[in-house]
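Peer 1: fold the stuff below for me.
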Amino acid sequence: MPENERQKLWKKFERKRTSDGTEDEYRKYCSGPGARDKQNKALEAFVKDGGACGELYAKQMLKITHKEEQTVESQWKTWRQMKVKFGKKEALARLKSGSLKFRKSPSDSRFLEFLDMTEVTRASFAREKGVVVKSSGKKTDSKALVDLQDMDLAGLTPSCFKSMDVEPELKALLGGPDKKKKAKESSQEEEDSEEEEDSEQESGSSEAPAKKVKTKSRNADSKASGSKKGKKDEDWDTKSRLEENDGKQQFFEKLLSFKEALGKEETVLQKLVSTAEDEDQSKFLKTARTKAQTAQKKIDKALKNIEDKKEDKAEVKAALLEALEALKKAKKAKQAAD
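Peer 2: From the prediction side, this is the model:
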């Protein structure tokens, strides 16, 4: 179409809009991104209507509004429900990695509950005339939706599992009484072995028994007072070391033990930061908290690689050592804050 004819058509279109009282509607329709394209479509509809603001033009003025709303729905569910949703293998893997949170059921402490978080997007479409609907367009901030650090998981100890109705696999995975029993049996075997050695030495010397009894009597009080604290420190040192025959199962158990401990320490440090007396103390606590968070990330990475059958003993060893350092720093920070 020649330019002069095109200009005449636009002028005619403009006069018709003005006479029909649809100018405001037209301006609203053509505002925003793609204005030129909208103008051309409106003109095309005007021409198809025979030079009038008819049915096709009216349809073109309708706006199709698409609205999306993103929300996260969280609900505590039973282990049976989680197995139905993920399958048993994936549900156990999620527990190992720490992405599936759990707690004791508030209504019945014999059972566990698992947090099911689902991101839901609700979409709606509407055809509106002369209406512009604006949306923030922000994506879901998963961190702002749920803060998992304050969940009361610290109250769930291995001893709790004795009175709980939990599947054996879950007990083994979450550090139930089976593990504690094995540790106790191992400790008892060591004590029995020591007593046998003492008995052999006593039979070989007449003076040895008196010395043995005297030594044990002298050290009894110091052993009783320091055994618990010393044993805990020794346990973490032991868990941070990998034996030559350690495999996938041992990697998992050691990494998960440190992950659970670091999670608890991080929660405590967070509370101490909020009540710090001065800036230096706050800085020291924050440094310890950051170290705990970094160590947990390395543990998560190592766990994921194990799940993907890409386990690297060197990576696991490095993650365990960093976790041990983070635990020690957290304990020092707590002692300084007391």
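Peer 1: please enumerate the helices of the stretch 151-300 of the chain.
Peer 2: Counting by DSSP state H, counting those that start in this stretch, one finds helices in the stretch 151-300 of the chain at the ranges 168-173, 177-204, 208-239, 248-274, 279-307.
Peer 1: mean pLDDT per helix and strand in the protein: which one sits at the bottom?
Peer 2: Lowest mean confidence among the helices and strands of the chain (mean pLDDT, DSSP states H and E): helix 142-145, at a mean of 40.
Peer 1: for the stretch 1-150 of the chain, which segments count as helices?
Peer 2: 3-20, 23-29, 35-48, 55-61, 79-86, 88-97, 142-145.
Peer 1: rounded mean pLDDT for stretch 269-281, please.
Peer 2: Averaged across stretch 269-281, pLDDT comes to 80.
Peer 1: over to stretch 320-330?
Peer 2: For stretch 320-330, mean pLDDT rounds to 90.
Peer 1: can we start the residue count at 43 from this point?
Peer 2: New numbering, starting at 43: the last item is stretch 362-372.
Peer 1: which non-adjacent residue is nearest residue 371?
Peer 2: residue 330 (4.8 Å; C-beta to C-beta, 6 or more residues apart in numbering). In short, each C-beta sits where N, CA and C put it, glycine included.
Peer 1: and the one you found, what is it in contact with?
Peer 2: Going by C-beta atoms under 8 Å, 6 or more residues apart in numbering, residue 330 touches 307, 311, 368, 371, 372, 374, 375.
Peer 1: and the gap between it and residue 374?
Peer 2: Residue 330 sits 7 Å away from residue 374, going by C-beta to C-beta, to the nearest Å.
Peer 1: swap in residue 282?
Peer 2: Residue 282 is 17 Å from residue 374, where distance means C-beta to C-beta.
Peer 1: more neighbours, those two?
Peer 2: residue 282 (19 against 12; other C-beta atoms under 10 Å).
Peer 1: least reliable of the helices of the stretch 43-192 of the chain going by mean pLDDT?
Peer 2: helix 184-187 (a mean of 40).
Peer 1: phi, psi of residue 142?
Peer 2: Backbone torsions of residue 142, given as degrees, to the nearest 10, read phi -110, psi 110.
Peer 1: now it, nearest residue through space, not along the chain?
Peer 2: Computed as C-beta to C-beta, 6+ apart, the closest residue to residue 142 that is not its neighbour in sequence is residue 136, at 3.8 Å.
Peer 1: from residue 124, how far off is the one you found?
Peer 2: Going from residue 136 to residue 124 by C-beta to C-beta gives 8 Å.
Peer 1: mind giving me the domain ranges of the protein?
Peer 2: Domain assignment for the chain by automatic domain parsing gives 45-95, 108-189, 230-259, 272-380.
Peer 1: residue 216: which of these is closest?
Peer 2: Shortest distance between residue 216 and the domains of the chain, using C-beta to C-beta, is found for domain 108-189: 7.1 Å.
Peer 1: what about the closest residue to residue 345 other than its chain neighbours, how many residues close to it?
Peer 2: In space, and not counting its chain neighbours, residue 345 is closest to residue 139: 5.1 Å by C-beta to C-beta, 6+ apart. Residue 139: 17 surrounding residues under other C-beta under 10 Å.
Peer 1: pull the contacting residues for residue 139.
Peer 2: By C-beta under 8 Å, 6+ apart, the residues touching residue 139 are 342, 345, 346, 349.
Peer 1: so what's the last one closest to, chain neighbours aside?
Peer 2: With C-beta to C-beta, 6+ apart as the criterion, residue 349 has its nearest non-adjacent residue at 5.5 Å, and that residue is residue 135.
Peer 1: doesn't residue 350 make contact with the one you found?
Peer 2: No. Look at residue 135 against residue 350 with C-beta atoms under 8 Å: they stay out of range, at 10.1 Å.
Peer 1: between these two, who's got more neighbours?
Peer 2: Neighbour count, other C-beta under 10 Å: between residue 135 and residue 350, residue 135 has more, with 17 against 8.
Peer 1: picking that back up, buried deepest among the domains of the chain, which one?
Peer 2: domain 272-380 (a mean of 16; mean count of other C-beta atoms under 10 Å).
Peer 1: ok, residue 344 - contacts?
Peer 2: Taking C-beta under 8 Å, 6+ apart, we find residue 344 in contact with 293, 297, 353, 354, 357, 358, 361.
Peer 1: repeat the analysis, applying 7 Å as the threshold.
Peer 2: Residue 344 is in contact with 297, 357, 358, 361, counting by C-beta atoms under 7 Å, 6 or more residues apart in numbering.
Peer 1: likewise for residue 59?
Peer 2: 65, 68, 95 are the contacts of residue 59 under C-beta under 7 Å, 6+ apart.
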